[in-house]
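S.K.: prediction below, plus the sequence it came from.
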Amino acid sequence: MGKGITVSLGAVAAIAVIAIVVFMAVMMIVMMGTGIMGGMFGGGSDPSDEAAVEGVTQVRLENIAFSPANIIVDAGTTVTWTNYDSAGHTVTSDDGDDLKSPLVGQNGTFSRTFDVPGEYYYHCEPHPWMEGLVTVRPN
């Protein structure tokens, strides 16, 4: 008989499982980068998909989304975000201004007074498919 390499069926199965796990991990990373996974972990939020709501000062962080995601307030108004999810969230400016919360845990809140009129687009750092907009109008 000739000499050859003998590979057990168990080793082949283990290699196949590792290959599948690596493939799935790579696909999740790719899909997270494109925002596709947002729908799998919660609906996300996009202010362009909602009609702006006037006078609301309370925003819920719930089901991996800001609700409402598009609000209009007058200058001098304080807006409070409350996290009802078990996951931590942030309220972080898209434009690098001073709208930046720490990681807000379940039932935690973050508040910000908006004195300067303008549009303040924001997102959640751990969940970038969560997006919101505060439009501040002059008094």
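M.R.: Cool, the structure landed. Numbering: from 1, shown residues only.
S.K.: going by C-alpha atoms from here, please, whenever you check contacts or count neighbours.
M.R.: OK.
S.K.: helix or strand with the lowest mean pLDDT in the protein?
M.R.: Across the helices and strands of the chain, mean confidence by mean pLDDT, DSSP states H and E is lowest for helix 38-41: a mean of 48.
S.K.: what pLDDT, on average, does the following helix or strand past that helix get?
M.R.: The element immediately downstream of helix 38-41 (helix or strand, assigned by DSSP states H and E) is strand 53-54. Regarding strand 53-54, the rounded mean pLDDT is 96.
S.K.: same check, this time on stretch 94-101
M.R.: For stretch 94-101, the mean confidence score works out to 92.
S.K.: now stretch 68-86: how far from the chain's centre is it?
M.R.: Taking C-alpha atoms, centre = their mean, to the nearest Å, the mean C-alpha location of stretch 68-86 is offset from the chain mean by 16 Å.
S.K.: how about it: buried residues?
M.R.: The neighbour-count criterion (16 or more other C-alpha atoms under 10 Å) identifies 68-77, 79, 81-85 as the buried residues of stretch 68-86.
S.K.: show me which of those residues is closest to residue 8.
M.R.: Residue 8 lies nearest to residue 85 out of the buried residues of stretch 68-86, by C-alpha to C-alpha, at 46.9 Å.
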